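1. below are the sequence and a predicted model; questions follow.
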Protein chains: 2
Amino acid sequence: MNGVDAKHRLSVPASLRETIEARSQTRELVLGPDEHAPCLIGYDVTYFDRLEARLEEEFAADFGPGRSLKARSVFGATEHLKYDETGRIILSPLMREMGEIGAHVVFIGVGHHFELWSPEQFLAQPGQDPRVLKLVKALIAGRAQ
Amino acid sequence: MNGVDAKHRLSVPASLRETIEARSQTRELVLGPDEHAPCLIGYDVTYFDRLEARLEEEFAADFGPGRSLKARSVFGATEHLKYDETGRIILSPLMREMGEIGAHVVFIGVGHHFELWSPEQFLAQPGQDPRVLKLVKALIAGRAQ
DNA sequence: GGAACGACCATAAAATCCCATTGAATACCC
DNA sequence: GGGTATTCAATGGGATTTTATGGTCGTTCC
């Protein structure tokens, strides 16, 4: 669990940075809303580019309204973020709103992408692994002191 | 959300300028009406060229009324705009009219293109992410003071 | 003349960089 | 093994730069 400071800066965990750099050869990541849960979803730029290409292909000859709607819902609220030498990104108001992000954030690695949760939202989510829940609870308790 | 001043100047967000310049090596963008939504749609010039080529392909040897109708609806009222050192474009009366643009504008990046909305029109559009809506509402409220 | 437009300069706020500190995990050595 | 250096991740805070935007001053074209 990492903190979000008064300047809305957030340290991306070093381990995550490592995999991002290995995959994309950049210090960038793409962040956007998750479609189904109150959290943010992030990936390296190569994965984003593949999504983009797929959509482009799918709607190749389609200048119609379907394209516009779909594209907007998929990409409309994503941001490309570079992190600096110390590994920090800045969370925009939009991201903070969509992820319901407060003073702390939980990073959850999920295979090819990762999720960003407010600890409270994470705990409130039904069907979580009790072991993970226990860990997050412990982390929150630690911060509370 | 960026403001449109009394001279109808509008700052293009720096992040968008960056991708435009990376893709097209120019400080230009193409702006036109969206076919199906009350907003403007913008591209870098290379994407515009690709759209043109795609249309050319689709209608190959067909010079009938369908082609010109489509061409008109896609390219009919577009403008090539250069932005200056400070990143501002000037919105013509036509653009302001077609996009129903008033004192403020919402930029939405959508993969290879972007959209320009009047905040009010954006809110009125069905199927939007409620979290984005909430933020835009807050921005409008903030500007209203 | 004067309205519209463009090239500049000015400024406040926000983003970004840079250095310092904390603190935990690891390596090292006796 | 116990205690102590060392490394590096995470973070705090100030300095610096960039962004968005307001304003001024010529120019051009009716």
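-> Nice, thanks for sending it over.

2. contacting residues for the nearest residue to A:His113 once chain neighbours are set aside?
-> Nearest residue to A:His113, sequence neighbours excluded (CB to CB, 6 or more residues apart in numbering or on different chains): A:Tyr43, at 4.3 Å. The way it works is simple: take the backbone N, C-alpha and C, and place the C-beta from them, glycine included. Counting by CB atoms under 8 Å, 6 or more residues apart in numbering or on different chains, A:Tyr43 makes contact with A:Leu29, A:Val30, A:His112, A:His113, A:Phe114.

3. show me what the first one is bridged to.
-> Put plainly, it is A:Leu29. A:Leu81 (DSSP bridges).

4. that one against A:Leu81, yeah?
-> Yes. Between A:Leu29 and A:Leu81 a contact is recorded at 5.7 Å, counting by CB atoms under 8 Å.

5. neighbour count: these two, which is higher?
-> A:Leu29 (24 against 20; other CB atoms under 10 Å in any protein chain shown).

6. show me the contacts for the more buried one.
-> A:Val12, A:Ile20, A:Gly42, A:Tyr43, A:Asp44, A:Val45, A:His80, A:Leu81, A:Tyr83, A:Ile89.

7. nearest to B:Leu51 among these?
-> A:His80 (22.9 Å; CB to CB).

8. give me the neighbour count for A:Phe107.
-> A:Phe107: 17 neighbours (other CB under 10 Å).

9. partner residues bridging it?
-> A:Leu116.

10. how close does it sit to B:Leu91?
-> As judged by CB to CB, to the nearest Å, A:Phe107 and B:Leu91 stand 41 Å apart.

11. A:Arg9 now?
-> 34 Å.

12. between these two, tell me which one has more neighbours.
-> B:Leu91 (22 against 16).

13. that one contacts B:Glu100, doesn't it?
-> No. Using CB under 8 Å, B:Leu91 makes no contact with B:Glu100, being 11.6 Å away.

14. one step back: list only buried entries from the contacts of A:Tyr43.
-> A:Leu29, A:Val30, A:His113, A:Phe114 (16 or more other CB atoms under 10 Å in any protein chain shown).

15. related to what we said a few turns ago, out of the contacts of A:Tyr43, which touch DNA strand D?
-> When CB under 7 Å from any atom of the strand is applied, no member of the contacts of A:Tyr43 is adjacent to DNA strand D.

16. how about a markdown table for those, with pLDDT added?
-> Below are these laid out as a markdown table (pLDDT from 0 to 100):
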| residue | pLDDT |
| --- | --- |
| A:Leu29 | 94 |
| A:Val30 | 94 |
| A:His112 | 85 |
| A:His113 | 91 |
| A:Phe114 | 93 |
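
17. tell me the one among those residues nearest to B:Ala71.
-> Using CB to CB, those come closest to B:Ala71 at A:Val30, 34.0 Å.

18. now chain A, which segments are flagged as low pLDDT?
-> A:59-68, A:142-145 (pLDDT under 70).

19. interface residues of it facing DNA strand C?
-> Counting by CB under 7 Å from any atom of the strand, chain A sits next to DNA strand C at A:Lys7, A:His8, A:Arg9, A:Lys82, A:Asp84, A:Glu85, A:Thr86, A:Ile90, A:Ser92.

20. how many neighbours does the fifth one have?
-> Using other CB under 10 Å, A:Asp84 is surrounded by 10 other residues.

21. what sits against the closest residue to it other than its chain neighbours?
-> Distances taken as CB to CB, 6+ apart place A:Arg27 nearest to A:Asp84, at 7.9 Å, with adjacent residues excluded. By CB under 8 Å, 6+ apart, the contact set of A:Arg27 is A:Arg17, A:Ile20, A:Glu21, A:Lys82, A:Tyr83, A:Asp84.

22. among those residues, name the ones in helices.
-> Of these, the ones assigned to helices by DSSP state H are A:Arg17, A:Ile20, A:Glu21.

23. most surrounded residue in those?
-> A:Ile20 (23 neighbours).
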